[in-house]
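Enquirer: quick one, structure for this:
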Amino acid sequence: MAADSLRTGLLFNETQFKNCRNFSNKNPRTRAAANFSSRASQEPLNDSKNKFYKELGMFSLRKRIEDSVLRAEMLTPTALELEEANHINQEEVIRDYDLWDDLGKSNDILIKLANSAKVVDTLRDLKYKAEEAKLITELAETDAINYELFKQAYSASLDVNKFLDKYEMSKLLKEPYDMEGAYITLESKCSDVYSERWTGQLAQMYMKWAERQGHTGRIVERCPSNNGGLKSATIELEFKFAYGYLSGERGVHSTTRISKNTPALSEATLAYVDVIPLFIESSPDLSIDDVDILVSYPPNCDKNPSRASSAVQIQHIPTGFQVQSTGERSRFANKIKAINRLKAKLLVVMRDRGLSSVKSINKCDDKWSGVTRKYVFRPTKMVHDLKSGSQFPDVNGVLNGKLDPLIAAHISSRQPSTVD
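Expert: Model (predicted):
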């Protein structure tokens, strides 16, 4: 009897609890009161958490700003002193030289003078930016940590770091053609579907890199495939040091994909990247005998059969090098551009091999024989540059144009090692 009474009481309490809960859910006033009570109990915790993260973010901003200011204070005075001395020397050269004697040489002297003046002005502006960032940081601290002021100072510090990175890198680019623009030619492997898509991804990677540098790349030639990729493409970068930055990109770029036939295995997808100088303010200083070249006129690569082909392909018979130009409207213009590309290619090969004449160049090895860089997505994400030996985990970032760490690693690897 007692057990039945206890069971009845429990059932009643459960039913009563459910009814009360249903009533509170259906009653807007009761539900609002419950929500308000819940928010009120969580607000102090959320406020303290937001405050903690905000303070942590400002501490991180302040640390980065201080590092940038310190770097600018250490490097800028010395760099400015050197560049001002260089500018004075350039002015003295002009005063002692008759510009009408040799117009070509005079043009080079004037270009160097203008470049040195630009660097001096930028370094002076950089000094002011560093001082501005430091002053804003001090004002923010006196104003009870003003977050907006910190962001303003951080923006100025980013400009400081960006210029110093470029300035330091440009001082390491001392090879003869490092200051020139660049032609980037991309080619897929044997009309492979995956290789054509991979070639398209690499083309976008270089376009995004140029955009991050504040410049615009131009895809002047493209041969699209039916699957949305690219059989081949040529990009022109008409800004200084483009070749110096990107010369390390030359070679076979490889990525892996899961095999359809054997899922446990992966297959390599290849694309070839060639980088040669684009002479912006001069023309390649090299003569090529007419008997050494074979000129042909291939059909259009685009999907418009009605358009007459103006493409020109030139083969250098002694070396086997082939270049082409398809972006101009006339065959004459394409032939001139193709010859300039061939000259640039030969000059680079002569420089890399330490040769003094074109006749010393032997037929080159198969360009597909070795891999320059691997892009790995599984099982771990990694970009492995075989030239410099560097490895980076941010594969997606690299494909989105964040090439600066790879470029810096390659330029550093080119520098002669110093022995204590």
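Enquirer: where along the protein do the strands fall?
Expert: 181-188, 218-224, 230-237, 251-258, 266-278, 293-296, 312-316, 321-325, 371-376, 382-385, 391-392 (DSSP state E).
Enquirer: please name the nearest non-neighbouring residue to Lys112.
Expert: Closest residue to Lys112 apart from its sequence neighbours, by CB to CB, 6 or more residues apart in numbering: Gln90 at 5.7 Å. Every C-beta, even on glycine, is put in place using the N, C-alpha and C of the backbone.
Enquirer: ok, Lys134 next?
Expert: Val69 (4.9 Å).
Enquirer: distance-wise, check that neighbour relative to Glu221.
Expert: Distance of Val69 to Glu221, computed by CB to CB, to the nearest Å: 45 Å.
Enquirer: now swap in Val252 and tell me
Expert: In this view, Val252 and Glu221 are 20 Å apart by CB to CB.
Enquirer: before we move on, back to that, count the neighbours of the residue nearest to Lys112 for me.
Expert: 18 (other CB atoms under 10 Å).
Enquirer: below-threshold pLDDT in the stretch 1-150 of the chain: ranges please.
Expert: For the stretch 1-150 of the chain, the stretches flagged by pLDDT under 70 are 1-59, 99, 102-105, 140-147.
Enquirer: enumerate the beta-bridge partners assigned to the closest residue in space to Arg250 that isn't next to it in sequence.
Expert: Excluding its sequence neighbours, the residue lying closest to Arg250 (CB to CB, 6+ apart) is Val275, at 4.9 Å. Beta bridges link Val275 to Ile184, judged by DSSP bridges.
Enquirer: OK, contacts around Val275?
Expert: 182-185, 243, 246-247, 249-250 (CB atoms under 8 Å, 6 or more residues apart in numbering).
Enquirer: can you lay out the residues you listed as CSV showing pLDDT?
Expert: Below are the contacts of Val275 laid out as CSV (pLDDT from 0 to 100):
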residue, pLDDT
Ala182, 95
Tyr183, 95
Ile184, 96
Thr185, 95
Tyr243, 94
Leu246, 95
Ser247, 93
Glu249, 95
Arg250, 94
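Enquirer: got the confidence number for the spatially most central residue of the chain?
Expert: The centroid of the chain falls nearest to Trp209 when counting by CA atoms, centre = their mean (3.0 Å). Trp209 is assigned a predicted lDDT (pLDDT) of 95.
Enquirer: before we move on, back to that, quick one: which of the strands of the chain is nearest Met74?
Expert: Closest approach to Met74 among the strands of the chain is made by strand 391-392 (26.9 Å; CB to CB).
Enquirer: pipe the strands of the chain into a markdown table and attach distance to Ser195 per row.
Expert: What follows is the strands of the chain, written out as a markdown table (distance: least, CB to CB, whole Å):
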| stretch | distance to Ser195 |
| --- | --- |
| strand 181-188 | 4 |
| strand 218-224 | 13 |
| strand 230-237 | 9 |
| strand 251-258 | 10 |
| strand 266-278 | 5 |
| strand 293-296 | 24 |
| strand 312-316 | 21 |
| strand 321-325 | 19 |
| strand 371-376 | 13 |
| strand 382-385 | 18 |
| strand 391-392 | 23 |
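Enquirer: confidence-wise, which of these is weakest overall?
Expert: strand 251-258 (a mean of 87).
Enquirer: show me the contacts for the closest residue to Val252 other than its chain neighbours.
Expert: In this structure, Val252 finds its nearest non-sequential neighbour in Val371, 4.8 Å apart by CB to CB, 6+ apart. Listed by CB under 8 Å, 6+ apart, the contact set of Val371 reads 251-254, 270, 386.
Enquirer: list buried residues within these.
Expert: For these, a burial check counting by 16 or more other CB atoms under 10 Å picks out 251-254, 270.
Enquirer: closest one of those residues to Asp366?
Expert: Of all the buried ones among the contacts of Val371, Asp366 sits closest to Val252, with 10.2 Å by CB to CB.
Enquirer: just grab the bridge partners of the closest one for me.
Expert: Assessed by DSSP bridges, Val252 has beta-bridge partners Tyr272, Val371.
Enquirer: same thing with the one 5 residues further on?
Expert: The partner list for Arg257 in beta bridges (DSSP bridges) reads Glu267.
Enquirer: residues in contact with it?
Expert: Contacts of Arg257 (CB under 8 Å, 6+ apart): 194, 266-267, 269.
Enquirer: report the buried members of those.
Expert: With burial judged by 16+ other CB under 10 Å, the buried subset of the contacts of Arg257 is 194, 266, 269.
Enquirer: just those now: which is nearest Lys151?
Expert: Using CB to CB, Thr269 is the member of those that lies nearest Lys151, at 42.1 Å.
Enquirer: tell me the spacing between the closest one and Pro224.
Expert: Thr269 sits 18 Å away from Pro224, going by CB to CB.
Enquirer: how about the helices of the stretch 301-420 of the chain, start to end?
Expert: Listed in chain order, the helices of the stretch 301-420 of the chain (DSSP state H, counting those that start in this stretch) span 331-353, 395-399, 404-414.
Enquirer: just put these in JSON lines and tack on mean pLDDT and mean neighbour count.
Expert: Formatted as JSON lines, the helices of the stretch 301-420 of the chain follow (pLDDT from 0 to 100; neighbours: other CB atoms under 10 Å):
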{"stretch": "helix 331-353", "mean pLDDT": "92", "mean neighbour count": "19"}
{"stretch": "helix 395-399", "mean pLDDT": "94", "mean neighbour count": "16"}
{"stretch": "helix 404-414", "mean pLDDT": "88", "mean neighbour count": "17"}
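Enquirer: out of these, nearest to Asn107?
Expert: helix 331-353 (18.6 Å).
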